[in-house]
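> Sequence below, structure please.
(chains A and B)
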Protein chains: 2
Amino acid sequence: MLADVELAKAYRLLNHGPTVLVSSAAGGRQNVMAAAWAMPLDFDPPKVLVVIDKSTYSRELIEVSGEFILNIPCRAQAGQVLSAGSDSGRERNKFSVSGLQPQPAQRVGAPRVADCLAYLECKVVPEPHNQQRYDLFIGEVVAAQADDGVFRDGRWHFSDDVRRSLHYIAGGAFFATGEAFSVV
Amino acid sequence: MLADVELAKAYRLLNHGPTVLVSSAAGGRQNVMAAAWAMPLDFDPPKVLVVIDKSTYSRELIEVSGEFILNIPCRAQAGQVLSAGSDSGRERNKFSVSGLQPQPAQRVGAPRVADCLAYLECKVVPEPHNQQRYDLFIGEVVAAQADDGVFRDGRWHFSDDVRRSLHYIAGGAFFATGEAFSVV
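Have a look, this model is predicted:
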């Protein structure tokens, strides 16, 4: 039966895209935060969208450096993802807090997060109005790599339960990416 | 092992948010299209983002009416979702082509798609630069309803395999939303 959804909770109907870790660096400092609100924007050149709140330390680093990485974590990392989504990196380095490990990237100064399923290295496409008004950042993807155990021939091929992507809802509750099927 | 991902396919790393059906109406005509690129933008007032290509008939209807609905379909509807994502509604009404049924909505003139899991009725927040340059639309959610068999107390509670949300990849291949778990 259809029931009204409180408008303040309506985002949860659409919240379960793949959860990402946003990593960034500037002036010798680095940080990582969890984000549920990221998606593709364009194919060629490939662009992505991600919402980065003004209150976050990552926002400062991204605005200075003009770079970020969308790291796609897996179920085995869910506890660390929640930790990276809970504290602020302003007081404490969230790599230390969460136990997530930074690694050098290919094309940007931001660090990758070790053991993720995939990496989208991005340079910010400056859109000051979107950034200020909506906390919305556009990134052009300048390098992309994935674990070929789970992504090959342009498709995800999940087999192991702990190496599946995550879909966050709220309060520490996630879904794992589920059964694959085709309708063609 | 990490492998390079062709940049033209990099979007597939992030493509598997919940697939939506975008429905619209203007001047006595209506249409429905599938979209993989939709996500929340803000909590209060609730806003969503959706990418609507310039070539689509839905784009014309949304620009005239300033309204759309994000309908969240389920696995039982996957074949119809693919059909609604494949043709253009300019030549043929995609409700007829796909077998999806239009229903009256609460707050907007666009029709709901019957038997979906949830509905986010939206009014366009005009941002001409985003619409023209990025095909990106912002909607303020003015009404939200969900099937209380699968969404209640602000959370998804999937139990039946065919009443799960969809995550589209490419070429008719989907994932169903998978196992729920908590790390708190």
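
> Every contact and neighbour count from this point should use C-alpha atoms.
Will do.

> can you give me the end-to-end distance of stretch A:68-81?
17 Å (C-alpha to C-alpha, to the nearest Å).

> My error: substitute stretch A:73-90 in the last question.
22 Å.

> What lies in contact with that stretch?
With contact meaning C-alpha atoms under 8 Å, 6 or more residues apart in numbering or on different chains, stretch A:73-90 is reached by A:19-21, A:31-35, A:56-58, A:94-95, A:97-100, A:115-118, A:161-166, A:172, A:176, B:183.

> Over to stretch A:176-184?
Residues contacting stretch A:176-184 (C-alpha under 8 Å, 6+ apart): A:75, A:164-167, B:78-79, B:82, B:171-181.

> And the residue nearest the centre of chain A?
residue A:20 (2.1 Å; C-alpha atoms, centre = their mean).

> Just confirm that one contacts residue A:72, I think it does.
Yes - Residue A:20 lies in contact with residue A:72 (C-alpha atoms under 8 Å); the separation is 4.9 Å.

> As a check, name the ranges of all strands in chain A.
Here chain A has its strands, by DSSP state E, at A:2-4, A:20-26, A:29-35, A:38-43, A:46-51, A:67-72, A:102-103, A:112-113, A:118-125, A:136-147, A:151-152, A:155-156, A:166-170, A:173-182.

> okay if I get those strands as JSON lines plus mean pLDDT?
Below are the strands of chain A laid out as JSON lines (pLDDT from 0 to 100):
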{"stretch": "strand A:2-4", "mean pLDDT": "77"}
{"stretch": "strand A:20-26", "mean pLDDT": "97"}
{"stretch": "strand A:29-35", "mean pLDDT": "95"}
{"stretch": "strand A:38-43", "mean pLDDT": "92"}
{"stretch": "strand A:46-51", "mean pLDDT": "94"}
{"stretch": "strand A:67-72", "mean pLDDT": "96"}
{"stretch": "strand A:102-103", "mean pLDDT": "96"}
{"stretch": "strand A:112-113", "mean pLDDT": "97"}
{"stretch": "strand A:118-125", "mean pLDDT": "96"}
{"stretch": "strand A:136-147", "mean pLDDT": "94"}
{"stretch": "strand A:151-152", "mean pLDDT": "86"}
{"stretch": "strand A:155-156", "mean pLDDT": "86"}
{"stretch": "strand A:166-170", "mean pLDDT": "89"}
{"stretch": "strand A:173-182", "mean pLDDT": "92"}
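
> Out of those, which gets nearest to residue B:126?
strand A:136-147 (15.5 Å; C-alpha to C-alpha).

> out of the contacts of stretch A:176-184, which are buried?
Listed as buried from the contacts of stretch A:176-184 are A:75, A:164-167, B:78-79, B:82, B:172-178, B:180; burial here means 16 or more other C-alpha atoms under 10 Å in any protein chain shown.

> In terms of distance to residue B:52, which of those residues ranks first?
residue B:82 (16.2 Å).

> Dump the strands of chain A to a markdown table, plus distance to residue B:152.
Shown next, in a markdown table, are the strands of chain A (distance: least, C-alpha to C-alpha, whole Å):
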| stretch | distance to residue B:152 |
| --- | --- |
| strand A:2-4 | 8 |
| strand A:20-26 | 25 |
| strand A:29-35 | 23 |
| strand A:38-43 | 24 |
| strand A:46-51 | 26 |
| strand A:67-72 | 28 |
| strand A:102-103 | 38 |
| strand A:112-113 | 34 |
| strand A:118-125 | 33 |
| strand A:136-147 | 29 |
| strand A:151-152 | 34 |
| strand A:155-156 | 30 |
| strand A:166-170 | 13 |
| strand A:173-182 | 14 |
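
> which one of those lies closest to residue B:108?
Once the strands of chain A are compared by C-alpha to C-alpha, strand A:2-4 is nearest, at 15.4 Å.

> The closest one pairs with which strands?
strand B:136-147 (antiparallel) (DSSP bridges).

> angle of the partner strand against strand B:46-51?
120 degrees (axes from the mean of the first three to the mean of the last three C-alpha atoms, to 10 degrees).

> which outside residues touch strand B:136-147?
A:1-7, A:10, A:41, B:45-52, B:67-68, B:106-107, B:116-127, B:130-131, B:152.

> Give me the buried entries from those.
A:2, A:4-5, A:7, A:10, A:41, B:46-52, B:67-68, B:116-124, B:131.

> before we move on, back to that, among the strands of chain A, which is nearest residue B:156?
Minimum separation from residue B:156 across the strands of chain A (C-alpha to C-alpha) falls at strand A:166-170, 8.1 Å.

> Output the closest one in CSV with nothing but the alpha carbons.
Output in CSV follows, covering the C-alpha atoms of strand A:166-170 (Å, rounded to 0.1, in the frame of the first residue of the first chain):
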residue,chain,number,x,y,z
LEU,A,166,28.1,-0.7,-1.2
HIS,A,167,24.8,1.2,-1.1
TYR,A,168,24.4,3.3,2.0
ILE,A,169,21.0,4.1,3.6
ALA,A,170,21.4,5.7,7.0
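
> so how far is that strand from its chain's centroid?
Distance, stretch centre to chain centre, for strand A:166-170: 12 Å (C-alpha atoms, centre = their mean, to the nearest Å).

> counting contacts, what elements does that strand pack onto?
With contacts taken as 3 or more C-alpha pairs under 8 Å, 6 or more residues apart in numbering or on different chains; DSSP states H and E, strand A:166-170 sits against strand A:173-182.

> The strand it packs on pairs with which strands?
Take DSSP bridges as the rule and strand A:173-182 pairs in its sheet with strand A:166-170 (antiparallel), strand B:173-182 (antiparallel).
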